[in-house]
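K.L.:
next come a sequence and a model predicted from it.
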Amino acid sequence: MAVEGNVPVVILRKNTSVTSGIEVQQKLSGAAIALANILRKTYGPRGLDKMLYKSNGETAVTNDGAKIIAELLIKHPAATAFVELGNAQESAAGDGVTGCILFAAELMQEAGRLLAKGLHPLVLVEGYQLALAVAIENLQDGAVTIGADDNEELFKVAFTAMNGKAAEGSAKHLAEMVVLALTSVVRIEGDIERISSEDVLIAKGRHKAISESILHNGIIIEKRIEIQHMPHVLQSAPTVVLAGDLTVEKTSRDAEIEISNPNQLSEFLAAEEELLESKAKLLLDLGAQAIFCSGEIDKNLLHRLVNAGCFVIGGIDSQDLERISGVSSGRLVHHLADLSRGDLGTLASLRIQRQESSGGVEEKIYLTGNESHFATIEVGGSNDVAIEETVRAIHDALRTTASAISTRQISYGGGHPHASAAAAVRIAAESQAGRERLAMEAFARSLEIIPTTLATNAGADPLDRLLELRAAIRSGQPNAAGITAAGEVGTVADYPAPTASHSHAWQTAIEAACSLLRVDQVISARGD
């Protein structure tokens, strides 16, 4: 049955708004640029900090991009996509979040200009993909391979990661500790060299300055000691690591015991005492001197073991328990009855440090093993805000340096790889006859937002510096030309970063931008 006339069909609620056409990309790029503008002034060695004041009264001062986007309450879908982009970069590389978001936002801005001129979104996507392939190839060609024992280059990588952050004043000292810590926990498993920043722990030393931060070859556990006369220093101590309680096992059902005479009560208590004595005898006969367990320890058994010269502590969380097992090279045992001499590990040293403060008494247990499974950087600072920022800087340095050790590939900083890749993309675009060439040129301009931002934050004229940098890249002199901390064009060979970090940032930025460019309509049920 035919319906005559133009009858409207309503399929959406009245308060639903629908945005179509070029306006969609304008909204998406506007949100991306707004987020990038929040981070822009924090980028580079001359970047400034942001003070984040939360609704619960907590305050944080940082220029770390990952921290800032994690604290912002963002609701716009495009900005949320960029937050996820930053989280992906932080998860994969440990650093470079701000640069990644700046590049992705510039891609969106350049795309908006071309779409306004009538370029099809899929042509843009294809052009961006072509440009990315050229940029990655140029990045790999310009990468520098570092030797297995080249700690000097690793130090530069760690120093670069902390440059421009609150820990910059002690960056050299901290960078040395980062490199020493990571090189000490490198393991050879079969034919594979295993390196993980997770094997280097960070502890807070609240009573020290940043310059007094120390590296401990082992782990540090903050835990109150129940009995102060237990040994505070042990050397070459046989160690037991138990995931469970050191108590008399309770019945799973409630039960009543009728006692008709005092002797039965005495026998009942004696049986319990005998059971505890058997547990103590088992541990002492095996020669255990340091005993760690995750559960509760019976008071009588605790005193019995301590009086025998043992260090005993309970209530250790499962993660620390596994680390103690690794440091001592012992086996984590779940039932005391299963414990044998082969399960025991050995701690090279155990030391308790007691510190009194206005907040009470703090006690730390320093554990060192015969093999370097873990290392701990004890970070100092004048207050919690300073310590938190220093911890973030060290975390970034650990991740980037571990990546450099693993891949043995680094690229120079200061926007050098971005400017070099931009020049290569422009040359490649010359041979592209279609409209994709416009997208490739836009990609090249987007890459140059990194050296431009570095120059701007250093107080230099961004256009002049960009033109100088282009000329230096074309002439090949000086080698590794980039934007220095002073905002001038010069060699940046002393400020490297892992090549993998740049590669991942470019690829994820393209993925985020292209996914938004494919959107042709935004339907909002809220009407905004």
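P.N.:
Yes, it's here.

K.L.:
and the residue lying closest to residue 187 once chain neighbours are set aside, what pLDDT?
P.N.:
Leaving aside its sequence neighbours, residue 187 sits nearest to residue 194 (C-beta to C-beta, 6 or more residues apart in numbering; 4.6 Å). C-beta coordinates here come from the backbone N, C-alpha and C atoms, glycine included. With respect to pLDDT, residue 194 has a value of 78.

K.L.:
same question, residue 362
P.N.:
pLDDT, residue 362: 78.

K.L.:
so it versus residue 397, what's the distance?
P.N.:
26 Å (C-beta to C-beta, to the nearest Å).

K.L.:
re earlier: so who does the residue nearest to residue 187 touch?
P.N.:
186-188 (C-beta atoms under 8 Å, 6 or more residues apart in numbering).

K.L.:
same check on residue 75?
P.N.:
Neighbour list for residue 75: empty [criterion: C-beta under 8 Å, 6+ apart].

K.L.:
now do residue 485
P.N.:
Residue 485 neighbours (C-beta under 8 Å, 6+ apart): 44-46, 163, 458.

K.L.:
what's the lowest-pLDDT member of those?
P.N.:
Within those, residue 163 has the lowest pLDDT, namely 81.

K.L.:
before we move on, back to that, which two in the contacts of residue 485 are spaced the farthest apart?
P.N.:
Greatest spacing in the contacts of residue 485, by C-beta to C-beta: 163 and 458 (12.6 Å).

K.L.:
give me the buried subset of the contacts of residue 194.
P.N.:
Among these, the ones that count as buried by 16 or more other C-beta atoms under 10 Å are residue 186.

K.L.:
using TSV, lay out the contacts of residue 194 together with distance to residue 344.
P.N.:
Output for the contacts of residue 194, formatted as TSV (distance: C-beta to C-beta, whole Å):
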residue	distance to residue 344
186	26
187	22
188	25
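
K.L.:
okay, and which of the contacts of residue 194 map to strands?
P.N.:
Within the contacts of residue 194, residues falling in strands by DSSP state E are 187-188.

K.L.:
what's the closest of the contacts of residue 194 to residue 445?
P.N.:
Distances from residue 445 to the contacts of residue 194, taken by C-beta to C-beta, are shortest for residue 186, at 41.2 Å.

K.L.:
chain neighbours aside, what residue packs nearest to the closest one?
P.N.:
Nearest one to residue 186, counting by C-beta to C-beta, 6+ apart, is residue 195 at 5.1 Å.

K.L.:
how deep is that neighbour tucked in, by neighbour count?
P.N.:
Close neighbours of residue 195, defined as other C-beta atoms under 10 Å, add up to 18.

K.L.:
repeat that for the one 10 residues further on.
P.N.:
For residue 205, the count of nearby residues is 20 (other C-beta under 10 Å).

K.L.:
I'd like to know how far it sits from residue 363.
P.N.:
Distance from residue 205 to residue 363, counting by C-beta to C-beta: 13 Å.

K.L.:
ok, now residue 290?
P.N.:
Applying C-beta to C-beta, the value for residue 290 to residue 363 is 15 Å.

K.L.:
repeat for residue 490
P.N.:
50 Å.

K.L.:
look at these two and report which has more neighbours.
P.N.:
residue 490 (18 against 15).

K.L.:
which of the three states applies to the more buried one?
P.N.:
strand (DSSP: H, G, I helix; E, B strand; the rest coil).
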